[in-house]
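J.: any chance you could fold what I've pasted below:
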Amino acid sequence: MSADTIFALSSGAGRAAVGVIRISGPLARFGLETLAGSIPPPRRATLRTLTADGEPIDQALVLWFPGPASFTGEDMAELQGHGGRAVTAAVVRALVRLGMRPAQPGEFTRRALANGKMSLPEVEGLADLLEAETAAQHRQAVMQAGGALTRTTGLWRKALIDAMALVEAHLDFADEGDVVEDGAIAAIGTAIETVRDQLHQALASASRGERVRDGLTVVLSGPVNAGKSSLLNALAGRDVAIVTDIPGTTRDAIEVDLDLDGVRVTVVDTAGLRDTSDPVEAEGIRRARARAESADLVLRLVPPESAADMGTVPAEWHVLTKLDSDPDRVVPPGGFGISVRSGQGMARLVAALSSWATEESAGEPALVTRARHRACIERAIDDLGRGLGGLKADRLELVAEDLRLAVRSLDELVGRVDVDHVLDALFAGFCIGK
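T.: Predicted coordinates for the structure are as follows:
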């Protein structure tokens with residue numbers, strides 16, 4: 001339990017119909033009694049007049065959540081009053097005079113984690129839920145915040161601890177046949193193999209989970225004046241990139257986020273590819289090639305003066321541009337032809353991008369959604385692989401250590417150990433009052 005009592009306006013700053021102020025910590029009960037006169041029944045909204053120094057501040061609904069049955073695990077109170085700036089400021093002044101302090105970003109959730117009310121994957125899921133912009137991101141974040149990875153990790157952990165107990169029993173009581181069953185060694189191997197296979201299955205969804213969370217990237221590439229910036233503006237529905245007839249206008253990457261059938265897709269306009277002695281443009285071209293190499297999909301734009309070669313790279317589509325200036329151009333099978341000016345071919349290209357994004361993100365929401373999850377699971381898989389090797393070599397003392405390391409990797413996954421280095425960065429992205 002923290003010695004400080006914190007508070008925050010959870011409904012957001014500024015004029016609003018309702019202003020919700022949350023309080024958590026040892027002074028929460030005292031603060032609620034002082035402002036509202038008495039404590040209402042737990043978890044029941046009650047209308048009260050809030051007063052400070054004998055003067056009424058506001059009429060508000062007040063709620064009382066005694067710990068540990070609260071979001072943070074501490075005593076909590078909530079004041080739901082009018083959202084005017086003067087009202088909120090008066091309540092804040094009263095709370096400060098009572099010895100409380102404003103909360104830092106994410107501090108309520110951090111206390112929930114510290115008090116065992118949430119696991120680290122659930123906190124990460126909550127962060128993703130706050131940041132979700134598409135339906136796919138929302139579905140995945142809801143599952144993660146609901147504890148799907150935490151529950152599954154608990155099952156893996158229990159199976160490994162049971163196997164560890166068998167190993168320890170075999171080491172300590174190997175001479176007592178009534179303590180260790182004859183099939184104990186086989187049972188240990190089966191348990192390790194089963195958990196390792198399940199970890200591999202979870203890991204297989206990692207790339208999809210990270211793509212849904214971070215979004216897919218489509219890079220527009222091609223020679224100068226191929227129509228990349230015009231296509232970006234058309235996809236965005238607004239002018240985000242400068243379009244001119246001067247070659248080399250775009251020198252740095254310009255990004256636009258799109259929602260294609262519930263999937264976040266970042267489209268990147270890059271510098272036109274050509275030989276140049278201009279060091280600034282050359283750096284832009286180097287960056288353009290680097291972005292294309294790391295993209296999920298590259299749209300290779302082919303202007304009228306260039307030859308169309310469809311190529312065979314699955315992650316690259318060739319798009320013939322400016323069809324309005326050369327209506328006799330033939331679009332080869334497997335390619336696309338567009339005119340941003342007339343709109344020709346744009347509907348087909350957008351439909352294809354939507355289908356591609358949906359296929360890339362298809363399936364049930366992934367368990368593994370962050371690089372941190374993937375790293376912990378990979379370490380556990382390595383630990384269990386060594387454990388199986390030790391089992392075959394009849395080195396049970398090594399098996400016990402490898403099982404302990406695998407359990408530690410799973411404990412780090414759910415935030416039981418060695419996660420302080422990720423918490424500051426994680427909670428810095430939370431809003432105040434969460």
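J.: residue 405 sits in which helix or strand?
T.: With secondary structure defined by DSSP states H and E, residue 405 is part of helix 396-414.
J.: now what about that helix, what contacts it?
T.: 119-121, 149-150, 153-154, 156-157, 160-161, 163-164, 167-168, 170-171, 188, 192, 195, 372-373, 376-377, 379-380, 383-384, 386-387, 390-391, 417-419 (CB atoms under 8 Å, 6 or more residues apart in numbering). Backbone N, C-alpha and C define where each C-beta goes, glycine included.
J.: now swap in stretch 33-45 and tell me
T.: Outside stretch 33-45, the residues that reach it (CB under 8 Å, 6+ apart) are 29, 32, 46, 48-52, 57, 60-66, 69, 79-80, 91, 94, 98.
J.: among those residues, which ones are buried?
T.: Neighbour-count burial (16 or more other CB atoms under 10 Å) applied to those gives 29, 32, 48, 50, 52, 57, 60-65, 79-80, 91, 94, 98.
J.: buried subset of the contacts of helix 396-414?
T.: The buried subset of the contacts of helix 396-414 - by 16+ other CB under 10 Å - is 119-121, 149-150, 153, 156-157, 160, 163-164, 167, 170, 188, 192, 195, 372-373, 376-377, 379-380, 383-384, 386-387, 390-391, 419.
J.: local confidence estimate at residue 430?
T.: You'll see residue 430 listed with a pLDDT of 68.
J.: mind listing the helices for the chain?
T.: 28-36, 85-97, 107-114, 120-131, 135-145, 148-172, 184-204, 206-214, 228-236, 279-294, 346-360, 371-392, 396-414, 420-428 (DSSP state H).
J.: residue 304 and residue 223, how far apart?
T.: 11 Å (CB to CB, to the nearest Å).
J.: what's the angle from the longest strand along the chain to helix 85-97?
T.: For the chain, the longest strand by residue count, based on DSSP state E, is strand 55-65. Relative orientation of strand 55-65 versus helix 85-97 (axes from the mean of the first three to the mean of the last three CA atoms, to 10 degrees): 70 degrees.
J.: list of residues touching strand 55-65?
T.: Residues contacting strand 55-65 (CB under 8 Å, 6+ apart): 29, 32, 35-36, 39-51, 71, 75-82, 87, 90-91, 94.
J.: restricting to C-alpha, output it in PDB.
T.: Extracted in PDB, the C-alpha atoms of strand 55-65 (Å, rounded to 0.1, in the frame of the first residue of the first chain):
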ATOM      1  CA  GLU A  55     -19.100  26.500   2.000                       C
ATOM      2  CA  PRO A  56     -20.900  24.300  -0.600                       C
ATOM      3  CA  ILE A  57     -18.900  23.500  -3.700                       C
ATOM      4  CA  ASP A  58     -21.200  21.300  -5.800                       C
ATOM      5  CA  GLN A  59     -23.800  18.600  -5.800                       C
ATOM      6  CA  ALA A  60     -22.300  15.400  -6.900                       C
ATOM      7  CA  LEU A  61     -22.700  11.600  -7.000                       C
ATOM      8  CA  VAL A  62     -20.200  10.100  -4.600                       C
ATOM      9  CA  LEU A  63     -19.000   6.500  -4.600                       C
ATOM     10  CA  TRP A  64     -16.900   4.500  -2.000                       C
ATOM     11  CA  PHE A  65     -14.700   1.500  -2.900                       C
END
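J.: any weak-confidence spans in the stretch 151-300 of the chain?
T.: The model of the stretch 151-300 of the chain has pLDDT under 70 over residues 173-182, 241-251.
J.: switch to 50 and redo it
T.: 179-180 (pLDDT under 50).
J.: per-residue pLDDT, the residue nearest the centre of the chain?
T.: Geometric centre of the chain, nearest residue: residue 128, 4.1 Å, by CA atoms, centre = their mean. Residue 128 carries a pLDDT score of 90 in this model.
J.: now it: closest residue in space that isn't a chain neighbour?
T.: Distances taken as CB to CB, 6 or more residues apart in numbering place residue 141 nearest to residue 128, at 3.8 Å, with adjacent residues excluded.
J.: ok, the one you found touching residue 134?
T.: No - with contact defined as CB atoms under 8 Å, residue 141 does not reach residue 134; the gap is 10.3 Å.
J.: separation between the residue nearest to residue 348 when sequence neighbours are not counted and residue 141?
T.: Among residues not flanking residue 348 along the chain, residue 336 sits closest, at 6.7 Å (CB to CB, 6+ apart). Applying CB to CB, the value for residue 336 to residue 141 is 33 Å.
J.: same thing with residue 304?
T.: From residue 304 to residue 141 the distance is 45 Å (CB to CB).
J.: try residue 155
T.: From residue 155 to residue 141 the distance is 22 Å (CB to CB).
J.: these two - which one has more neighbours?
T.: residue 141 (23 against 11; other CB atoms under 10 Å).
J.: and residue 371, how many residues sit next to it?
T.: Residue 371, neighbours per other CB under 10 Å, totals 11.
J.: which residues touch it?
T.: residue 210.
J.: what does residue 388 give?
T.: 189, 192-193, 196.
J.: quick one: it and residue 169, what's the gap?
T.: Distance from residue 388 to residue 169, by CB to CB: 19 Å.
J.: equivalent analysis for residue 99, please.
T.: Distance from residue 99 to residue 169, by CB to CB: 54 Å.
J.: same thing with residue 54?
T.: Taking CB to CB, one finds residue 54 at 69 Å from residue 169.
J.: the more surrounded of those two?
T.: residue 169 (15 against 5).
J.: so the more buried one touches residue 185, yeah?
T.: No - here residue 169 lies out of contact with residue 185, judged by CB under 8 Å, at a distance of 11.3 Å.
J.: contacts only, for the residue nearest to residue 348.
T.: 317-320, 345, 348-349, 352.
J.: relative to residue 396, how far out is residue 346?
T.: 66 Å.
J.: actually residue 383, not the one I wrote
T.: Residue 383 is 15 Å from residue 396, by CB to CB.
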